[in-house]
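Participant: Following is a predicted model, sequence given first.
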Amino acid sequence: MILLVAVTVSSCAAPARKGVSSPLHFAVVGNTCPESPFKQTHSDTPKLIAALNRDNPSIVIHTGNAVFAGFTSGVREEDVAMQFKNAAESFDTLDRARHFVPGELDTFSGSTRSFSAFTGKDPYNTFTYGSLLFIILNTTDSKPGIIGDSQFEWLVDTLAESGSESIIIVMHHPLFRVKGYDGAVVDNAERIISLIEKYPVRAVISGAGEVYSRREQNNIEYYSLGCVPLYKPCVKDQNRYYMATFFDSRLFVEGKKL
C-alpha cells in the first residue's frame, strides 16, 4: 500500500522557515510486541528488521508496544524485564539509530521504569536531525491517553526554548479520534493542540491501533501510522511499518508490508 502525501505546512504564529537542507528518510514501526506476556518475540521479527535495514532509513522511530505488559493480571516485573531483553536483542540487529515511544503495553502497572531501562532515556524526550527537532511524548503518563501536568510544562518549555526551524512530535495515542481505532485518545488534547500551533510544528505522528489516517488542521498534519502486529495477518489497507521522507517542510509517507 502506498500513501504518498506531500505536506507543506508552516506555523500560524510565525512566517514559514526553510526546512532541513537535505531529505531525511526515516522509518516508523510499532506494535512489535508478542501476542501475550507469556509468549516469545514473533518468529518473523528478523524478517521485519531485515526489511527496515534494506529500506535504509537514517533513523527508525518505534511508536510503542515493543513488549506486552501493561496492566495484565499475573505478569511479574521480571517477566516484563525479560520481554524488554528479548526486544533489545532483536533491535540490536537494526543497523540504524532508533528511538522508542512508550505505549500502554510498555508500562508495568502504570510505571515506565522498565521502558526507560530498555531505552536509556526518559519516557518523554527530544532528539535532533540537522535543524529538525523530534519531540517524543509519553501518552501513558499514569494511564493510557494521559499527558500529565509536569510533562505538559516540560513541553511548553521545550517548544519555547527550541529555536528549531521544523518540529515533528511523536506519541503513541492520537490527539483525535481515528476511524477504525477504538482505543484511547489523548485526554484534554485541546491544550496540546493550542500550544503546538504557536510553533513550527510540521507534523504529529501517533502509532496506536492498526490503521493509517491523516488530517490537516491549522497547517499541521496529524498522522496515525498504526502497524499490524506480526502475529496478525496484514490485510488490504494495513501495514507492518512506514517509510517517511521529510524535506523542505514536506512529508511523504509510504505504507509497507513484508
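Facilitator: Okay, I see it.
Participant: Is there a neighbour count for residue 202? I'd like the number.
Facilitator: Using other CB atoms under 10 Å, residue 202 has 24 other residues around it. Where you see a C-beta, it was placed from the backbone N, CA and C, and this is true even at glycine.
Participant: Surely it touches residue 164?
Facilitator: No: contact criterion CB atoms under 8 Å: residue 202 and residue 164 do not qualify, at 10.1 Å.
Participant: list residues touching both of these two?
Facilitator: Here residue 202 and residue 164 have no joint contacts, going by CB atoms under 8 Å, 6 or more residues apart in numbering.
Participant: thought residue 144 was touching residue 105?
Facilitator: No: using CB under 8 Å, residue 144 is not in contact with residue 105, being 9.5 Å away.
Participant: Give me the more crowded residue out of these two.
Facilitator: residue 105 (25 against 22).
Participant: how close does residue 77 sit to residue 115?
Facilitator: From residue 77 across to residue 115, the span is 12 Å (CB to CB, to the nearest Å).
Participant: higher neighbour count, those two?
Facilitator: residue 115 (27 against 13).
Participant: can you list contacts of stretch 114-130?
Facilitator: Under CB under 8 Å, 6+ apart, the answer for stretch 114-130 is 20-22, 24, 26, 58-59, 66, 69, 77, 80-81, 84, 87-88, 99-100, 102, 106-108, 112, 133-138, 140-141, 151, 154-155, 158, 162, 164.
Participant: Look at it and report the distance between its end residues.
Facilitator: With CA to CA, to the nearest Å as the measure, stretch 114-130 spans 30 Å from end to end.
Participant: now do stretch 182-196
Facilitator: 25 Å.
Participant: and what of stretch 133-141?
Facilitator: 22 Å.
Participant: Equivalent analysis for stretch 94-108, please.
Facilitator: 25 Å.
Participant: got it, and stretch 173-186?
Facilitator: OK, stretch 173-186 end separation, CA to CA: 6 Å.
Participant: what distance separates it from the centre of its chain?
Facilitator: Centroid separation between stretch 173-186 and its chain, computed with CA atoms, centre = their mean, to the nearest Å, is 14 Å.
Participant: Can you give me the buried ones in it?
Facilitator: The neighbour-count check on stretch 173-186 (16 or more other CB atoms under 10 Å) flags 173-175, 178, 181, 183-186 as buried.
Participant: Repeat that for stretch 31-45.
Facilitator: Buried, per 16+ other CB under 10 Å, within stretch 31-45: 31-34, 37, 41-42, 45.
Participant: what's the closest non-adjacent residue to residue 62?
Facilitator: residue 100 (4.6 Å; CB to CB, 6 or more residues apart in numbering).
Participant: related to what we said a few turns ago, got a markdown table for the buried residues of stretch 173-186, with distance to residue 208 and secondary structure too?
Facilitator: Below are these laid out as a markdown table (distance: CB to CB, whole Å; DSSP: H, G, I helix; E, B strand; the rest coil):
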| residue | distance to residue 208 | secondary structure |
| --- | --- | --- |
| 173 | 5 | coil |
| 174 | 6 | coil |
| 175 | 11 | coil |
| 178 | 8 | coil |
| 181 | 7 | coil |
| 183 | 5 | coil |
| 184 | 7 | coil |
| 185 | 8 | coil |
| 186 | 10 | coil |
